[in-house]
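Asks: I would like the atomic coordinates for the input below:
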Amino acid sequence: MIDLRQLEYFLKIAERRSFTAAAVELRITQPSLTKSIRLLEQDLGVQLFRRLPRGVELTPFGVSLARHARSVRVQVKEALGEIESLRQGVSGRITVGAGPSWLRRVLPRAVGQLIEERPLVRIQVVGGFDEALLRGLRLGEIDAALVEIPSVEECTDLDVSPLASDTLVVIAREGHPLADAGSISAADCLAFPWVLPPRATRTRRRLDSLFVSRELPPPDATVETESGAFIVAMLGASDALTYTTRRTVEQAEATGMVIIDVPDLAAERTAGFITRRGQAKSPTLEALFAGLSELAAADPRN
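Replies: As a prediction, the model looks like this:
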């Protein structure tokens, strides 16, 4: 019979690829850790790790067990969190990840409505870009993500509820050399520095692909950051360009920003509420989704 402690030991070794490093982090002796994994392998009748000159790697059996063990870890975390909330008399506790546009407008309104209706709820909001938030969702670090919807192939383990759409455009400060140039080409934009989110983000990948489709090199980001606030501030202090949603220029912190008319780079994107497939959604999470859906229905651009 596999116990939860054995699974946690196994996952820690798999993550660190080292019995020594895992033992230090788990604060147990290496012989004790080795014995626990040996017993686990005996119970399963397979070898889970292959020793290398430096560290270890998972065998195919280990890869399979790790996939299921991570799901067990997430489920146990959810159960413990729910029990703790009940023990403390708190009606619900959730963690929500959101991209920059959601953090600015719709999510604060939805959370405000929720805490007015349910003053005992506890909500943690995590900001970031799509790939990092989806990774956190899959690891069980957050309960839902408000981000651009991935492709169908990337959603096999996720439940997706579309909420809003908007156009991705090039943005710069008022008075930028391109601001009054009328309709310009993608090539014209390469003469200026760019401030962009990390290359792994969906928006950045779309921008790169639009340049490549026109046989142009993608912009070489002069500054790369995960901070939407820094991007806006950087635009105001330079001739840099960025690529974001059209709705961005309507936000208070983007005062002084304008859309640069670059038809080659305009693109539609759809965003929504994403959870793990098969995840048990708490009443608090369901209530937040209902509020977001109502707000998005009234104003589907975000």
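Asks: quick one, helices of the protein?
Replies: Using DSSP state H, the helices of the chain run over 4-16, 19-26, 30-44, 60-87, 100-104, 106-117, 130-138, 186-189, 202-213, 228-236, 283-298.
Asks: most packed of those?
Replies: Counting by mean count of other CB atoms under 10 Å, helix 100-104 has the highest mean neighbour count of the helices of the chain, with a mean of 22. (C-beta placed from N, C-alpha, C; glycine too.)
Asks: Which strands or helices does that helix pack on?
Replies: strand 121-127, helix 228-236, strand 242-245 (3 or more CB pairs under 8 Å, 6 or more residues apart in numbering; DSSP states H and E).
Asks: any chance of those in a markdown table, with mean pLDDT and distance to residue 72 too?
Replies: Shown next, in a markdown table, are the helices and strands packed on helix 100-104 (pLDDT from 0 to 100; distance: least, CB to CB, whole Å):
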| stretch | mean pLDDT | distance to residue 72 |
| --- | --- | --- |
| strand 121-127 | 91 | 23 |
| helix 228-236 | 89 | 35 |
| strand 242-245 | 92 | 38 |
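Asks: and residue 219, which of those is closest to it?
Replies: Nearest of the helices and strands packed on helix 100-104 to residue 219, taken as CB to CB: strand 242-245 at 8.4 Å.
Asks: Give the other helices and strands that the closest one contacts.
Replies: Looks like strand 242-245 contacts helix 100-104, strand 158-173, strand 195-196, helix 202-213, helix 228-236 (3+ CB pairs under 8 Å, 6+ apart).
Asks: what's the third one in contact with?
Replies: Spelled out, that is strand 195-196. Here strand 195-196 makes contact (CB atoms under 8 Å, 6 or more residues apart in numbering) with 204, 207, 219, 221-225, 230-231, 234-235, 238, 240-243.
Asks: Neighbouring strands - and their directions - for it?
Replies: Strand 195-196 has the following strand partners under DSSP bridges: strand 223-224 (parallel).
Asks: Let me see the mean pLDDT of the partner strand.
Replies: Strand 223-224 carries an average pLDDT of 94.
Asks: Please compute how far it lies from its chain's middle.
Replies: Here strand 223-224 is found 19 Å from its chain centre; the criterion is CA atoms, centre = their mean, to the nearest Å.
Asks: Also stretch 19-39?
Replies: Using CA atoms, centre = their mean, the offset of stretch 19-39 from its chain centre is 32 Å.
Asks: pull the CA atoms of that stretch into CSV?
Replies: Listed next in CSV are the C-alpha coordinates belonging to stretch 19-39 (Å, rounded to 0.1, in the frame of the first residue of the first chain):
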residue,chain,number,x,y,z
PHE,A,19,18.5,11.8,-3.4
THR,A,20,20.9,14.0,-1.5
ALA,A,21,19.2,17.3,-2.5
ALA,A,22,15.8,15.8,-1.8
ALA,A,23,16.8,14.6,1.6
VAL,A,24,18.1,18.0,2.6
GLU,A,25,14.9,19.7,1.5
LEU,A,26,12.7,17.1,3.2
ARG,A,27,14.9,17.3,6.3
ILE,A,28,15.4,13.6,6.6
THR,A,29,18.5,11.4,6.3
GLN,A,30,19.5,10.1,3.0
PRO,A,31,19.5,6.5,4.2
SER,A,32,15.9,6.9,5.4
LEU,A,33,14.9,8.4,2.1
THR,A,34,16.6,5.6,0.1
LYS,A,35,14.9,3.0,2.3
SER,A,36,11.5,4.5,1.7
ILE,A,37,11.9,4.5,-2.1
ARG,A,38,13.3,1.0,-2.0
LEU,A,39,10.1,-0.2,-0.2
